[in-house]
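Build me a model from this:
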Amino acid sequence: MSKEEKPEKRKRSIKKENPEQKRIKQESGSKESKLTTSLFYSEEAEVDTRSPEKDVEVFKSTCSDIRQTMLDIKSLKDKKASHDELEDKRVSVMLDFMNLKKLNRLAHIRCKKVREQTNDAKQRIDHYHLQLQNLLYEIMHLEKEITKCLEFKSKDEEIELVTLDDFYKTAPSDISRTDTTKTDPHLQRLARLEWELEQRKQLAKKLKDSKQSKEGLAQEIKNKQEYLENLQPKLKTVLEATKPVQEYLDMPFDQIREQQETARHLPPPLYVLYMQTSAYRQACDKDLQVSIIGDLDAAKAIKSSGKVVEEDSDSDQEEQEHSKKSKRRRKTVDSRVQERKQQALKKHPLAVKLDINCKDGNSLHLTFNFLITLEIITVNISLTLAESNISSISGSVSESNVTLSDLLAPESVLTDLYPGDHGKTSPNPANKYELRKLGLKDFTSYITEVGWPYLWAQWLGGLQFLENNAVNTPEEDVSFAHMQQTIRRLKQRVRSRLCLMKQTAAFETGNVVVDPEYQGLFPSKIVSRLTSWKRSTYEDFAILPHTQALVDDEVVEQSDIFFTAVIERGSAKMTAQIVMTHDYPKVAPVFVVSVLWQHERTAANDKHIKEMEEEVNVHHEELMNSKSCDTVLSNQMQRLLMCSDIYLETEAAGSEEEGPMEISKEKIYNRMLRGPSRSKPYRYCPDIGIFTHR
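Prediction:
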């Protein structure tokens, strides 16, 4: 130990053992409680004077002193230094800790003051925000009041006043007061209201006079009505006396009057149909005959009692329980189902019969019935042919089934009269649910019993079934809009079917009859001949490989009419599948061709066959004129025979076989093939009589 450390240790020991220090220490302990409060407030004041940054620096230096002192104490203990040295270091550390505590107190006081300042600022902000909300609410309230005042409408604003120009022109000077009202809008408004009141008083007086005049006219009409009622019995006597004259002059006024009297008992759709058809007959078509048939007494009974449809109140569970009891009970259930069927399909006792007489002597008979429960119109169809038409097809009727029983059958003759109107389902969407409720089958199963529910029949009766219509009320405008077009389509359909039947009858005998109007479109000599013509089905058509494209693309449908034709020339045999829609000839037939000569050829493996089909199917408009196109089938068949000759002759000419050719050249053409596609000259030029390419 050095000499300097020894006197210092001695001084410390003397200081520790000094009684004066102990006394001072005791006195300071007694005074500590008194000084606590003053020290606290002094530290609060000291916080305001001290800088936080300097306190941080003091804190860092104190912490470094404590670390250094602790390291010194550890080194002294390792060196086994004297107790005085260790005690000196301990006191130094304690003083540093006291300093840290003071810094901690100052930091807490400083944090407390910051919180108090923050709370004071928050309170001031909340106070200002509340004042702002109060002001905004007052502004909103004032704006509402201003809006109410601006939107306020007086009763006089609802009155439609005359314009200012009319007011100053028509109003008297004592009301208009031009010198004052033109400068003052308020006085102007009062003057206009006064003039409006004066005008309304005049109109009220005029209305009163008009009512008195109306009452006088009503009394006069009543007197005349009584006179006419007394005159009616006398008129009946006169009409009875004129019956012989009516019969002699063929003027059945009584019959027309009876029909009109009967028409009052028709259901509304049939009444609209009868009246519109009668009006059309009178104005446009005298050959049209319309009449009412049926039981008039039953119709009167229905009209007097009202339409009552009884519904079965038993549930399905009760019917199942009854059906398990006995065989006799099962028969009762079956009879009840039959009764429900009869009730659902019940027709009105009266029906409207329409006879459409064509110029060629053929007649189409349509009987329109009204189903009371289902609320739709059905049609029963029959056709009467003229003797000339019967004789023209009588030769083929006995040889084939492509006759009156097929093309003129009720289920096909009027199918698709309008696009999509096949007549196999009910046009009323509610009928499906009604039939299901009664436990019956689909309406299609009962068409043969009740008739065909075509859409055009509903239109003629003024009915239009829309999904959002709950009640179907007959409208005369609907019937009027479709009457003329429907009658024309019916006549056109009968004429087209008869013409089609004549053509098919000729085809069955191997003859292709071309109308003289179109004979110039074909060469005079065609070697290929039609050897077979027969009816086919959709199944026969769909099973062929070269028709799959049309089936897959839905170009043909099961409801279409199918024929198979066989054309021969030498050993070559051409088979054509013909598809026609029910709307022939508006939609031309489609020909699908295959040739069996040396090997089977179709449009799939021979592009020239495809060109032949295109010539017949695509360019059919050349074979029709604007007036009539009923013979387009014969014209297409004649063109197919012509194209068959061209195909076989060009194929035979291009073959490399030696010896005599089986098929000689009969047609004149400049070039056998042309262009990259090597197309054949299928097009015939009637002006120069040669075949060319398209």
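
Sketch out the low-pLDDT regions of the stretch 551-694 of the chain for me.
626-628, 654-661 (pLDDT under 70).

ok, which stretches of it are strands?
Secondary structure of the stretch 551-694 of the chain (DSSP state E, counting those that start in this stretch): strands at 561-569, 572-580, 590-597, 599-602, 683-685, 690-692.

Can you tell me which of those is nearest to Met642?
Between Met642 and the strands of the stretch 551-694 of the chain, the tightest spacing by C-beta to C-beta is seen for strand 683-685, at 6.4 Å. In this view, the C-beta of every residue, glycine as well, is placed from N, C-alpha and C.

and the closest one, what other elements does it pack with?
strand 690-692 (3 or more C-beta pairs under 8 Å, 6 or more residues apart in numbering; DSSP states H and E).

how about the strand it packs on: buried residues?
Phe691 (16 or more other C-beta atoms under 10 Å).

likewise stretch 555-566?
So stretch 555-566, judged by 16+ other C-beta under 10 Å, has buried residues 556, 560-565.

That stretch spans what distance, first to last residue?
23 Å (C-alpha to C-alpha, to the nearest Å).

Can you dump the C-alpha atoms of stretch 376-384 in PDB for me?
The C-alpha trace of stretch 376-384 is given here as PDB (Å, rounded to 0.1, in the frame of the first residue of the first chain):
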ATOM      1  CA  ILE A 376    -107.800 -23.600 -75.600                       C
ATOM      2  CA  ILE A 377    -109.100 -24.000 -79.200                       C
ATOM      3  CA  THR A 378    -108.600 -27.300 -81.000                       C
ATOM      4  CA  VAL A 379    -109.100 -28.000 -84.800                       C
ATOM      5  CA  ASN A 380    -110.400 -31.100 -86.600                       C
ATOM      6  CA  ILE A 381    -109.300 -31.200 -90.200                       C
ATOM      7  CA  SER A 382    -110.800 -32.800 -93.300                       C
ATOM      8  CA  LEU A 383    -110.100 -32.300 -97.000                       C
ATOM      9  CA  THR A 384    -112.400 -32.800-100.000                       C
END
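
Residues in contact with it: which ones?
269-270, 273, 347, 362-371, 408, 410, 413-414, 423, 426-428, 431, 450-454, 457-458, 460-461, 463, 494 (C-beta atoms under 8 Å, 6 or more residues apart in numbering).

now swap in stretch 490-497 and tell me
356, 358, 360, 362, 364, 366, 383, 407-408, 413-414, 417, 584-585, 630.

out of these, which is most surrounded?
Leu414 (26 neighbours; other C-beta atoms under 10 Å).

contacting residues around that residue?
379, 381, 423, 452, 454, 490, 493.

between those, which is closest to Ile543?
Gly423 (28.3 Å).

That closest one touches Pro453, doesn't it?
Yes. Between Gly423 and Pro453 there is a contact at 6.2 Å, judged by C-beta atoms under 8 Å.

what is in contact with the two at once?
379, 447.

Stretch 494-510: which residues count as buried?
Counting neighbours by 16+ other C-beta under 10 Å, stretch 494-510 gives 494-508 as buried.

Kindly report the same for stretch 675-687.
679-684.

same question, stretch 162-180
Buried, per 16+ other C-beta under 10 Å, within stretch 162-180: 167-168, 171, 175-177.
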